[in-house]
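Chemist: Could you work out the structure for the sequence below:
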Amino acid sequence: MRKINGVPVEAHTDLSNLTGGEVLKWSGTNMAWEDQDSTGFVPVVWYGGRGVFGGGHTGSAKVNTIDYITISTTGNATDFGDMLATGYEGSGCSDGTRGIFTGYIDGGDNRIDEISYITVGTPSNATDFGNLSQIVSSPGCCSDGTTGFIMGGGTTGAQRNNIEYITFSTLSNTADFGDLTSSREPVGGCNDATRGIAAGGASSNVIDYFTMATSGNATDFGDLTLSRQVSASTSDTTRGLFANGWTGSVYSDTIDYITIQTTGNATDFGNLSVGSSSAEATGDATKGIFVLGSQSRGTIEYVTIASIGNTTDFGDLSGTTRGQVASCSGD
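Modeler: Have a look, this model is predicted:
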């Protein structure tokens, strides 16, 4: 039994005559909320209640640990399994069920082109998914729930502007999607239901955007509040957040935000508890979760994405204190 606008209905009941509120229906290849006061569909962006963090390093030691948290409940992370190899400075995204990690530097400080995947709801070791077109570290990632996008990053001695993509349901290598407006790393990636965002990198304040359903190059969105190498970014269905980074030797505690469907410069959101570089972020479309890098490795903090303010302590990663993890969320 379900209730919509207080009206009890069986699962098989025709809902088309109900007025007011929203109904969850199938729209093409996705579930969508149908506004009962209009004909429009609002796509559901699949996030998830579990945050997962893979790899990282503590000083000179690289690790292959994968941890997870329940985003709605504060507390320390729990062991999930192991990565295929030790590594740090990676990035991740998911379709809500399958999460991928890529863009790592391995235990020998060599960039690798490996993509690995997990089933977010089932703790276990990562499995091989495919490969990037190049050996890359520190890209940005985002997802529309069907396709995962890997943006920018660094190759040996150079930075790149490539946008590549994978289809989560099909194990394979990446394919070319288009290019960012400039070459840079590390990049912060986030999205809403239709638009992918790539921000910062290489002491840059550039924010780019692209339409995830249509292959092509990115377009300038605006600027961050300061130039910095950004890796920690998360979003809800409206707002994108970008945190941490450094310019020269100065670590930033600044969190910026944008409204993803409205181009323009970022606005100050609040602050992390400490200036940090190489942090990572994920979220459940309500909370934004940040795992700090340098200065406070392994500390997990959170914000409510819809409410401007500073972070609050969430807990810590399991085992060794580490930073520069990759992250995603799902169920």
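
Chemist: contacts, neighbours, all on C-alpha from now
Modeler: Fine.

Chemist: how many other residues sit next to Thr73?
Modeler: Counted by other CA atoms under 10 Å, the residues lying close to Thr73 total 11.

Chemist: name the element it belongs to?
Modeler: Assessed by DSSP states H and E, Thr73 sits outside every helix and strand.

Chemist: Quick check: mean pLDDT of stretch 161-176?
Modeler: The average of the pLDDT scores along stretch 161-176 is 98.

Chemist: Domains in the chain, by residue range?
Modeler: 2-43, 50-330 (automatic domain parsing).

Chemist: Span of the longest one from start to end?
Modeler: Same thing as domain 50-330. When the termini of domain 50-330 are compared using CA to CA, to the nearest Å, they are 5 Å apart.

Chemist: Give me the buried stretch members for stretch 161-177, please.
Modeler: 161-168, 173-174, 176-177 (16 or more other CA atoms under 10 Å).

Chemist: before we move on, the earlier item: go through the domains of the chain and pick out the most buried.
Modeler: domain 50-330 (a mean of 22; mean count of other CA atoms under 10 Å).

Chemist: which stretches of the stretch 101-250 of the chain aren't confidently modelled?
Modeler: For the stretch 101-250 of the chain, the stretches with pLDDT under 70 are 247-248.

Chemist: Can you give me the separation between the closest residue to Leu292 other than its chain neighbours and Ser124?
Modeler: If the residues on either side of it in the chain are set aside, Leu292 comes closest to Ala279, at 4.4 Å by CA to CA, 6 or more residues apart in numbering. Per CA to CA, Ala279 is found 24 Å from Ser124.

Chemist: can I assume the residue nearest to Leu292 is in contact with Ala232?
Modeler: Yes - taking contacts as CA atoms under 8 Å, Ala279 lies within contact range of Ala232: 5.4 Å.

Chemist: Now do the shared contacts for those two.
Modeler: Between them, Ala279 and Ala232 share these contacting residues under CA atoms under 8 Å, 6 or more residues apart in numbering: 243-244, 290.

Chemist: Going by distance to Thr156, which of those wins?
Modeler: Set against Thr156, the nearest of these by CA to CA is Asn244 (23.9 Å).

Chemist: ok now do the closest one, which residues does it touch?
Modeler: Contacts of Asn244 by CA under 8 Å, 6+ apart are 229-232, 251-255, 272, 275-279.

Chemist: And for Gly315?
Modeler: 74-77, 299-301.

Chemist: Now with 6 Å, please.
Modeler: Residues counted as contacts of Gly315 (CA atoms under 6 Å, 6 or more residues apart in numbering) are 75-76, 300.
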